[in-house]
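Chemist: okay, here's the prediction I keep looking at, along with the sequence it came from:
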Amino acid sequence: MPSESSGLIHHPDGCARCWWAGLDPVYVAYHDTEWGVPERDGRALYEKLILDGFQAGLSWITILRRREGFRRAFNGFDPEAIARFTDADVARLMGDTGIIRNRAKIVGTIAGARAFLAIEERGPGFSRFLWDFVEGRPIQGRAAERAGIATETEVSRRMSKALRAEGFAFCGPTIVHAFMQAVGLVNDHLVGCHRHAPCAALGGSL
């Protein structure tokens with residue numbers, strides 16, 4: 001069985017992983033291939049921000065297991081398509097068992113799509129809008145133990161405020177920090193995790 005020490009789980013495959021990945025193969029794969037990898041595609045960043053908003057009050061694995069359902073329901077997270085959604089689309093989505101059926105979050109997704117398009121239209125785009133908060137390069141976390149991982153930071157508070165000013169919803173500082181960790185704006189793999197160094201090596205600037 002894997003053993004846990006200071007937030008690291010040592011798996012039978014010889015790899016040490018962050019505690020939250022646990023044993024679920026879906027979660028382990030997400031930890032090993034996605035979480036903490038710098039994402040610079042604006043549309044992918046929009047998708048992840050929306051999914052993190054849907055996570056509010058829930059576990060991330062709940063969202064992860066429904067990710068394909070969300071992609072289907074929200075037209076592949078195409079902001080231009082979502083921005084045109086009507087009340088009829090909201091009603092349709094409220095009946096879709098493949099997603100989390102929360103009206104406020106669905107309406108917030110539509111508002112976020114319109115905000116995304118407004119940022120894109122005025123330039124230099126949504127990706128740059130986000131990456132400018134970290135000056136184009138991921139913040140490199142140095143925590144060796146679980147207790148050293150923050151739940152929100154000064155940067156996540158500033159980003160949260162800016163996103164809300166643009167019209168995004170469900171983007172409080174804690175949600176935004178989780179988003180930043182997921183998309184590699186900050187590398188918060190524990191230093192003993194086998195993914196810390198590879199993610200750090202991907203941290204080139206815009």
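Modeler: That came in fine, so what should we check first?
Chemist: please make it C-alpha for all contacts and neighbour counts, starting now.
Modeler: Fine.
Chemist: quick one: distance of the helix or strand containing Ala29 to the chain centre.
Modeler: Under the criterion of DSSP states H and E, Ala29 resides in helix 25-33. Helix 25-33 sits 14 Å away from the centroid of its parent chain (C-alpha atoms, centre = their mean, to the nearest Å).
Chemist: need the contact list for the residue most central in space within the chain.
Modeler: Centroid-nearest residue in the chain: Phe179, 3.3 Å away (criterion: C-alpha atoms, centre = their mean). When contacts are counted by C-alpha atoms under 8 Å, 6 or more residues apart in numbering, Phe179 touches Lys48, Leu49, Asp52.
Chemist: can you pull the contacts of the second one?
Modeler: For Leu49, the set of contacting residues under the criterion of C-alpha under 8 Å, 6+ apart consists of Cys171, Val176, Phe179.
Chemist: ok, His194 next?
Modeler: Residues near His194 by C-alpha under 8 Å, 6+ apart: Cys15, Ala16, Arg17.
Chemist: excluding its backbone neighbours, what's nearest the first one?
Modeler: If you skip the residues right next to it in sequence, Cys15 has His194 as its closest partner in space, 6.1 Å away by C-alpha to C-alpha, 6 or more residues apart in numbering.
Chemist: same question for that neighbour, what's its three-state structure.
Modeler: Following DSSP: H, G, I helix; E, B strand; the rest coil, the label given to His194 is coil.
Chemist: can you tell me how far it is from Ala29?
Modeler: From His194 across to Ala29, the span is 13 Å (C-alpha to C-alpha, to the nearest Å).
Chemist: returning to that earlier point: who wins for most neighbours among the contacts of His194?
Modeler: Within these, most neighbours by other C-alpha atoms under 10 Å means Arg17, with 25 neighbours.
Chemist: quick check, it in a helix?
Modeler: No. Counting by three-state DSSP, Arg17 is not part of a helix but strand.
Chemist: give me the nearest residue to it, chain neighbours excluded.
Modeler: Excluding the flanking residues, the one nearest Arg17 by C-alpha to C-alpha, 6+ apart is Cys193, at 4.7 Å.
Chemist: that neighbour against Cys18, yeah?
Modeler: Yes. Cys193 lies in contact with Cys18 (C-alpha atoms under 8 Å); the separation is 6.0 Å.
Chemist: between these two, which contacts overlap?
Modeler: Shared contacts of Cys193 and Cys18, counting by C-alpha under 8 Å, 6+ apart, come down to Leu8.
Chemist: and these two? Which one has more around it.
Modeler: Set Cys193 next to Cys18 and count neighbours by other C-alpha under 10 Å: Cys18 wins out with 27 against 21.
Chemist: for that one, list each beta-bridge partner.
Modeler: Cys18 has these beta-bridge partners by DSSP bridges: Leu8.
Chemist: His196 is in contact with that one, correct?
Modeler: No. Applying C-alpha under 8 Å as the test, Cys18 and His196 come out as separate, 9.5 Å apart.
Chemist: cool, thanks, signing off.
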